[in-house]
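*Asks:* Here is my input, please return the structure:
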Amino acid sequence: MVKKNLPERQLESVSLKNALGKILAKDIRAVEPSPRYTNSAMDGFAVCWDDVKTVNESGPVELAIAGESQAGIPYEQTLQAGQAARISTGAMLCKGADTVVPIEEVEINGNTLRVLKANKFQQHLRFVGEEFETGELLLSKGVLLNPARMAVLASQGITEVPVYQTPSVAIILTGTELVPYDSTVKPWQIRDSNGIMLETAIQESGGTVLLNAHVADNYEDTVKAVQQASANVDLILFSGGVSVGPHDLVKKAASECGFETLFWRVRQKPGKPLFFARKNKTLFFGLPGNPVSAYMCYLFYVHPVLQYLQGKRFSYRKISGKLASSIENNINRAQLFRVSLENQNGSDQYPIVHPLNRQGSHMLTSISDASGFVFIDVNTTLRQGELVEVIAWNE
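*Replies:* All right, here's what the predicted structure looks like:
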């Protein structure tokens, strides 16, 4: 259901220096050839082949040194017959020259050059357009902008890049019992851990958090929070208030604010009371208030949405491994079973998947000690030694 209700990806233009890690939204074609001009691949002398083509058969040839072409300072005269010009690696080939003789294959006496060896016509040259011509496809839509690809764009003088817009998210935590984690806590209160967990998870997924707020279990305040959040974000994440208690107000508040309910509750453990709604391009996820359940639902449902909106596949990070011990699911809901991974000391064997003993949805260590989770369907047993797929944290 989530995948069927993905909003359209939005595009934006960002400066090249801010494009690292983003997905290219349009094809990029060359605006000029590479190399931009024919240049030398060696330090040596630019010469005319007709002057040196007999060297290997008849012996050395003497030429007059007429000038020099440096990288960034070209020799602007036309080389005449019987002349040579010093040339540096990367320097522009001067007019009248068509070959480069390396410095190791000449002798210099004042302004006279003695060419000892010349193997072939046009040797040691990098020709204009040799790598690509103007208009050729450089980068295809959908590629990740890494340092190497950014260098290609910079070499073309491209300063603005079309990319998929970074998805924006609002986080709203519900619960009168919650207090900031850095505050003094009273015996009947709970330190908020979901706020920092979800905000950093969103950052890790490539999204940006525009709002991270808390509302008490009050209907009017909950409605105001939904209205405030839905004004300018792609996703709204509520944590808590989506179960069946008298203070679970999120579903009703979302409906009052124009969100269409797409589903409520899923057959999984942990995370059964998950709520999903949509209004225009904004998606609404009502996550359980329990930190473990909230995190598992985030990874399983929200993370792939953020991936998709950035131009990537609707996907998870998956690792195959072999079970260290059997896992059985004999309840009527699928289980997201937390596991740790043990690599085989750099070998090419599959990592070992260790089911964690602590699986309680109230136990934060069931996610902090885990490397990821294994999805186990209803009435299913996964046997020791069996190859399984782990949906892994981004580590």
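*Asks:* Quick one: residues contacting residue 80.
*Replies:* Residue 80 makes contact with 66, 96 under the criterion Cβ atoms under 8 Å, 6 or more residues apart in numbering. Bear in mind the C-beta positions are built from the backbone N, C-alpha and C, glycine included.
*Asks:* What separation is there between it and residue 335?
*Replies:* As for residue 80, its distance to residue 335 is 84 Å (criterion: Cβ to Cβ, to the nearest Å).
*Asks:* partner strands of the helix or strand of the chain with the lowest mean pLDDT, parallel or antiparallel?
*Replies:* Using mean pLDDT, DSSP states H and E, strand 178-179 stands out as the lowest-scoring helix or strand of the chain, at a mean of 82. Looking at strand 178-179 with DSSP bridges, its partner strands are strand 190-191 (parallel).
*Asks:* what's the average pLDDT for the partner strand?
*Replies:* Here strand 190-191 scores 84 as its mean pLDDT.
*Asks:* if we can go back for a sec, how distant is the least confident helix or strand of the chain from the center of its chain?
*Replies:* 34 Å (Cα atoms, centre = their mean, to the nearest Å).
*Asks:* Run through who's touching it.
*Replies:* Applying Cβ under 8 Å, 6+ apart, the contact partners of strand 178-179 are 185-186, 189-192, 214.
*Asks:* if you set the cut-off to 10 Å instead, what comes out?
*Replies:* For strand 178-179, the external contacting residues (Cβ atoms under 10 Å, 6 or more residues apart in numbering) are 185-186, 189-195, 214-217, 239-240, 289.
*Asks:* What ranges does the stretch 51-200 of the chain have for its helices?
*Replies:* Taking DSSP state H, counting those that start in this stretch, the helices of the stretch 51-200 of the chain run over residues 55-58, 147-155, 194-204.
*Asks:* Determine which stretch of the ones you listed is the most buried.
*Replies:* helix 194-204 (a mean of 18; mean count of other Cβ atoms under 10 Å).
*Asks:* Residue ranges in the chain under the pLDDT threshold?
*Replies:* Along the chain, segments meeting pLDDT under 70 span 244-247, 344-348, 395.
*Asks:* Among the contacts of strand 178-179, name the buried ones.
*Replies:* 192, 194-195, 214-215, 217, 239-240, 289 (16 or more other Cβ atoms under 10 Å).
*Asks:* can you list these in CSV and add distance to residue 262?
*Replies:* Listed next are the buried ones among the contacts of strand 178-179 as CSV, based on distance: Cβ to Cβ, whole Å:
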residue, distance to residue 262
192, 28
194, 23
195, 25
214, 26
215, 23
217, 24
239, 19
240, 19
289, 20
